[in-house]
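Visitor: structure, please.
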Amino acid sequence: MPSSDLFISEVVEGSSNNKAIEIYNGTGSSINLSGYSIQMFFNGSAAAGLTINLTGTIAPGDVFVLAQSSANATILAQADQTSAVGWFNGDDAIVLRNGTTVIDVFGQVGFDPGTEWGSALVSTQDNTLRRMSDVTDGDPMAATPSFLHPNGSGSPMTPSMAWGHIRLAADRHLCPSTV
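Guide: Predicted structure coming up:
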C-alpha cells in the first residue's frame, strides 16, 4: 500500500554534530519539496526553535537526507541538503510539515522527557533510529501534547512502538534496513 505523503524514516542523533533526518517517499510519485519543512522544537517548547525549508525533489521509493553541515563524512556523503544552524538532541521533537499541515512527528511537541524518550538502544539520545518496516505513513498526532501512544504505558513517545535501533552503514539510507 503506498504512503499518503512523505514521512520521517530515520533519525540520526549522534555525538557532537553527527545528526541527520531521512525522509521517505512511498507515494508512488515524485514529490517536489517546495512548501515542505522540518521544524525542531527544543527542550519541550511548544514553539519551533528552528525551521528548515526543504529544497529539491524526492523520486518515488527514494529518500531525502537533511544533515547538519558539520556532521561526519559518512553522513554528509548521503546528504541531499545541509544546514549549519544548531540542531536537535535526544529530548527534542522534530516535525515534518507540508505548508501548515503536520504530516509526521518524531518526539512530542510541548513535552520535555528529560534527556531522551525510550531507553538503551531504542532511545532518542545518541542513537540512530529507523522506522519499522510496517510503518507506511507519518504520525501527525504526536504533535499534540496530550497524545499518548496506544501501548498503555502513558509515555508520550515510545520509540520501540514504531522505531528500531540500527548501526551506521554506507548505503542510500543512512543505515541498513534490518532492525
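Visitor: show me where the chain has its helices.
Guide: 73-76, 159-162 (DSSP state H).
Visitor: where among those is the average confidence lowest?
Guide: Mean pLDDT values for these show the minimum at helix 159-162, a mean of 44.
Visitor: how close does residue 128 get to residue 94?
Guide: Applying Cβ to Cβ, to the nearest Å, the value for residue 128 to residue 94 is 14 Å. Using the backbone N, CA and C atoms, a C-beta is placed for each residue, glycine as well.
Visitor: what of residue 36?
Guide: Counting by Cβ to Cβ - residue 36 and residue 94 are separated by 13 Å.
Visitor: ok, now residue 100?
Guide: Distance from residue 100 to residue 94, counting by Cβ to Cβ: 17 Å.
Visitor: for the closest residue to residue 3 other than its chain neighbours, give me its contacts.
Guide: Spatial nearest neighbour of residue 3, chain neighbours left out: residue 26 (3.5 Å); criterion: Cβ to Cβ, 6 or more residues apart in numbering. By Cβ atoms under 8 Å, 6 or more residues apart in numbering, the contact list for residue 26 reads 2-3, 7, 60-61, 136.
Visitor: give me the more crowded residue out of residue 100 and residue 94.
Guide: residue 94 (23 against 7; other Cβ atoms under 10 Å).
Visitor: how many residues are close by the closest residue to that one other than its chain neighbours?
Guide: Excluding the flanking residues, the one nearest residue 94 by Cβ to Cβ, 6+ apart is residue 106, at 4.3 Å. Neighbour count of residue 106, defined by other Cβ under 10 Å: 29.
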